[in-house]
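A.B. asks: Here's my sequence, what's the structure:
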Amino acid sequence: MKEFRLILFLLLVGFAPFSCSKNSDLQTQVIRINQWEITVETADTLESQEKGLMGRESLEEDRGMLFVYDRDAKKSFWMKNTTIPLSIAYIAADGTIREIYDMEPLSTRTVDSRYSVRYALEVNHGAFDRHGIKAGDKVEFIKP
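C.D. replies: Residues are numbered from 1 along each chain as shown. Have a look, this model is predicted:
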């Protein structure tokens, strides 16, 4: 039994670096909303979407995280383990922003979309307001 535990421990320790990916390893792209260009990390896998911006201490002003889904559906986000104050935009497949919400750090209250969407964009709290971005505006995917 001790040998089994030792083998299990060694396997877990040996594979830990591979199972704990850093979000900074995500691909980035540039998007534009009106005149605002944002460099976004693309969360397009279940693992990257579950992690999101958790564990980060800050987010540069013109940066964000774009969650990309395979199909349209209503989405739900929360701020568990996320200390950065954020705002989220729910975006349709054609790039139209459907809804924008502010989210509270560390809150486990869900922020649900009312519409089926293909994307969600998280940026610093209030950034959409500061740049005059509102529901109905279009997101342009300009640089992969």
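
A.B. asks: If you rank every helix and strand of the chain by mean pLDDT, what lands last?
C.D. replies: helix 2-19 (a mean of 38; mean pLDDT, DSSP states H and E).

A.B. asks: which helices and strands sit right next to the helix or strand following that helix?
C.D. replies: Sequence order places strand 28-33 as the next helix or strand after helix 2-19, per DSSP states H and E. If contacts are counted by 3 or more Cβ pairs under 8 Å, 6 or more residues apart in numbering; DSSP states H and E, strand 28-33 sits against strand 36-43, strand 139-143. The way it works is simple: take the backbone N, C-alpha and C, and place the C-beta from them, glycine included.

A.B. asks: Partner strands of strand 28-33, with direction?
C.D. replies: According to DSSP bridges, strand 28-33 forms sheet pairs with strand 36-43 (antiparallel), strand 139-143 (antiparallel).

A.B. asks: how about those strands, which one is nearest residue 97?
C.D. replies: Set against residue 97 and scored by Cβ to Cβ, those come closest in strand 139-143, at 6.7 Å.

A.B. asks: how about the closest one as PDB, C-alpha atoms only?
C.D. replies: C-alpha atoms of strand 139-143 as PDB (Å, rounded to 0.1, in the frame of the first residue of the first chain):
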ATOM      1  CA  VAL A 139     -16.700  43.900 -32.200                       C
ATOM      2  CA  GLU A 140     -14.300  43.600 -35.100                       C
ATOM      3  CA  PHE A 141     -11.700  40.800 -35.000                       C
ATOM      4  CA  ILE A 142      -8.800  42.500 -36.700                       C
ATOM      5  CA  LYS A 143      -5.600  40.600 -36.000                       C
END
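
A.B. asks: Name the residues that touch the strand of greatest length in the chain?
C.D. replies: Scanning the chain for the strand with the most residues, using DSSP state E, yields strand 63-73. Contact with strand 63-73 is made by 23, 26, 29, 31, 38-44, 49, 52-53, 75, 92-93, 116-124, 127, as judged by Cβ atoms under 8 Å, 6 or more residues apart in numbering.

A.B. asks: All good on my end, thank you.
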